[in-house]
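>>> Sequence and computational prediction follow.
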Amino acid sequence: MTSPVGREPLPNARELFDIPDGIAYFNTASLAPTLRTGLAAGEAALHKRAQPWRISGPDWFGGAEERRTRFAELIGATADDIALVPATSYGFAVAAANLGARTGSRVLVLAGEYPSGIYTWWRFAERTGASILTVGREPGQTWTEAVLDALDDSVAVVSVPRVHWTDGALLDLDRIAEATRAAGAALVVDASQSAGAIPIDMATLRPDFLVSVGYKWLLGPFGLGYLYVAPDHQEGRPLEENWILREDAEDFARLVDYRTAYQPGARRFDAGARTAFELTPMALAALEQLSAWTVPRIAVTLAATTARIASAARERGLPVPAPRGPHMLGVTVPDGLQQRVVAALEEANVFVGARGSAIRISPHLHTTGADIEQLLTALDNALNRP
């Protein structure tokens with residue numbers, strides 16, 4: 001069976017990463033390895049920053065705008081839809097500050113979801129008089145089914161990811177988005193574990209807000225993230241008021257001519273330190289490589305890798321989620337063995353994550369067949385250790 005045109009698997013790209021032989025790194029979902037091009041870009045940026053006379057006025061804006069544009073292209077949005085934020089928590093805070101809920105309404109979240117969103121919605125509930133509706137799964141039930149069963153017109157906000165961060169279990173966001181709109185609720189998506197690894201069709205999804213960090217599947221540096229803001233919310237209130245977000249901020253000589261108007265689109269929601277001279281070139285190098293690979297081809301390639309691991313896990317009687325994303329999976333080991341197994345894998349130079357009740361395995365294009373064998377051998381040794 002062949003892949004659709006434009007979705008052929010990519011060749012292994014280990015040479016593009018700084019990962020020594022013998023290291024089997026399966027923890028992209030926590031912190032992606034930096035591309036060699038990113039390392040070179042960062043080094044050059046540090047040298048330039050050390051000589052600030054080389055930095056001109058346009059440099060305060062050009063890199064940020066290019067980063068905004070490249071991320072927008074990656075998710076099928078426009079540059080005007082994207083704000084540059086430092087963290088998922090910042091993006092959630094922008095969403096919460098620009099959404100409302102009537103007293104007695106509810107915010108729908110998943111059980112065991114990433115804490116930054118949960119904490120944000122706790123505060124939102126305190127402010128609005130809403131309550132939190134935590135959705136769990138019954139045996140044999142998918143996350144999508146659980147969300148759709150719980151979603152009704154009492155829900156004001158649906159805050160969900162594309163895949164559950166602990167084990168990669170997949171949600172059908174298109175179905176959830178349609179039901180959310182039918183219920184009159186707002187949709188907020190945490191794409192930190194999907195942007196750059198799973199294609200996103202924003203024209204179909206149409207969320208109110210979508211946030212992603214840049215240091216996971218976007219392969220960029222820590223501290224540079226992205227927030228999609230739907231056009232209906234782009235006239236909203238930012239979390240902070242800083243000079244670079246105001247109209248004509250490029251004219252340094254007139255910054256004391258204070259302005260009430262903002263830069264267009266979602267730029268008003270940018271964090272003040274968005275310029276990030278030292279890190280922006282690293283983020284751009286990563287986004288450029290992702291664009292060259294294309295997200296559909298990344299997804300197809302990683303799906304083959306995780307399918308091989310999932311099959312081997314099931315052969316060993318270890319459950320994996322279904323359905324799940326193409327790029328990551330949680331392997332459930334016997335009760336009480338999770339931390340022991342993770343430590344034993346690390347002793348064998350196999351690096352995974354422990355999240356929830358699962359061992360979370362998240363490869364990327366650096367992963368080789370030898371890495372997979374190293375993982376499975378170390379897993380067998382850990383599980384069979386007395």
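Cool, got the structure. Numbers count the residues shown, from 1 in each chain.
>>> Could I get the full set of helices for the stretch 251-386 of the chain?
Per DSSP state H, counting those that start in this stretch, the stretch 251-386 of the chain carries helices over the ranges 280-293, 295-315, 338-347, 369-384.
>>> Give the partner strands of the biggest strand by length in the chain in its sheet and their orientations.
In terms of residue count, the longest strand belonging to the chain (DSSP state E) is strand 155-161. Using DSSP bridges, the strands paired with strand 155-161 are strand 106-110 (parallel), strand 186-190 (parallel).
>>> Of the helices of the stretch 251-386 of the chain, give the one that comes closest to G104.
Judged by CB to CB, the one of the helices of the stretch 251-386 of the chain that comes nearest to G104 is helix 338-347, at 39.4 Å. C-betas here are computed from N, CA, C, even on glycine.
>>> In three-state terms, label the residue nearest in space to the middle of the chain for me.
Residue closest to the average C-alpha location in the chain (CA atoms, centre = their mean): S192, at 1.2 Å. Using DSSP: H, G, I helix; E, B strand; the rest coil, the secondary structure recorded for S192 is coil.
>>> Show the pLDDT at it.
pLDDT, S192: 98.
>>> same question, S3
pLDDT for S3: 49.
>>> just S357 next, same as before
Model confidence at S357, given as pLDDT, is 78.
>>> Spell out which helix or strand contains A96, please.
Using DSSP states H and E, A96 falls within helix 88-97.
>>> out of the strands paired with strand 155-161, nearest to S357?
strand 106-110 (14.5 Å).
>>> Now do A13: how many residues are near it, please.
For A13, the count of nearby residues is 15 (other CB atoms under 10 Å).
>>> Just the pLDDT at the residue nearest to it when sequence neighbours are not counted, thanks.
Excluding the flanking residues, the one nearest A13 by CB to CB, 6 or more residues apart in numbering is L365, at 4.1 Å. Here, the pLDDT recorded for L365 equals 98.
>>> next one: P386
With respect to pLDDT, P386 scores 60.
>>> Please apply the same query to P334.
88.
>>> contacting residues around it?
Listed by CB atoms under 8 Å, 6 or more residues apart in numbering, the contact partners of P334 are L383.
>>> mind checking how far it is from A169?
From P334 across to A169, the span is 20 Å (CB to CB, to the nearest Å).
>>> for E250, same thing?
E250 is 45 Å from A169, where distance means CB to CB.
>>> And for R175?
For R175, the distance to A169 equals 15 Å [CB to CB].
>>> And the two? Which one has more around it.
A169 (24 against 13).
>>> neighbours of the closest residue to that one other than its chain neighbours, just the number please.
What sits nearest to A169 in space, not counting adjacent residues and going by CB to CB, 6+ apart, is P321, at 3.9 Å. Neighbour count of P321, defined by other CB under 10 Å: 22.
>>> Could you do the one 4 residues further on as well?
When neighbours are counted by other CB under 10 Å, G325 registers 26.
>>> isn't it right next to A195, touching?
No: with contact defined as CB atoms under 8 Å, G325 does not count as touching A195 (11.7 Å).
>>> helices and strands of this protein: which one bottoms out on pLDDT?
Within the chain, no helix or strand scores below strand 353-355, which has a mean of 91 by mean pLDDT, DSSP states H and E.
>>> so where is the chain shaky, pLDDT-wise?
1-6, 385-386 (pLDDT under 70).
>>> Let me see the ranges of the strands in it.
24-25, 82-85, 106-110, 131-135, 155-161, 186-190, 209-212, 225-229, 329-331, 350-351, 353-355, 358-361.
>>> For my notes, please list the ones you listed in a markdown table and give mean neighbour count for each entry.
Formatted as a markdown table, the strands of the chain follow (neighbours: other CB atoms under 10 Å):
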| stretch | mean neighbour count |
| --- | --- |
| strand 24-25 | 22 |
| strand 82-85 | 26 |
| strand 106-110 | 25 |
| strand 131-135 | 17 |
| strand 155-161 | 25 |
| strand 186-190 | 26 |
| strand 209-212 | 28 |
| strand 225-229 | 28 |
| strand 329-331 | 26 |
| strand 350-351 | 20 |
| strand 353-355 | 20 |
| strand 358-361 | 26 |
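>>> Please convert the ones you listed to a markdown table, extending it with distance to E73.
Shown next, in a markdown table, are the strands of the chain (distance: least, CB to CB, whole Å):
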| stretch | distance to E73 |
| --- | --- |
| strand 24-25 | 28 |
| strand 82-85 | 10 |
| strand 106-110 | 29 |
| strand 131-135 | 33 |
| strand 155-161 | 22 |
| strand 186-190 | 18 |
| strand 209-212 | 14 |
| strand 225-229 | 12 |
| strand 329-331 | 28 |
| strand 350-351 | 31 |
| strand 353-355 | 29 |
| strand 358-361 | 29 |
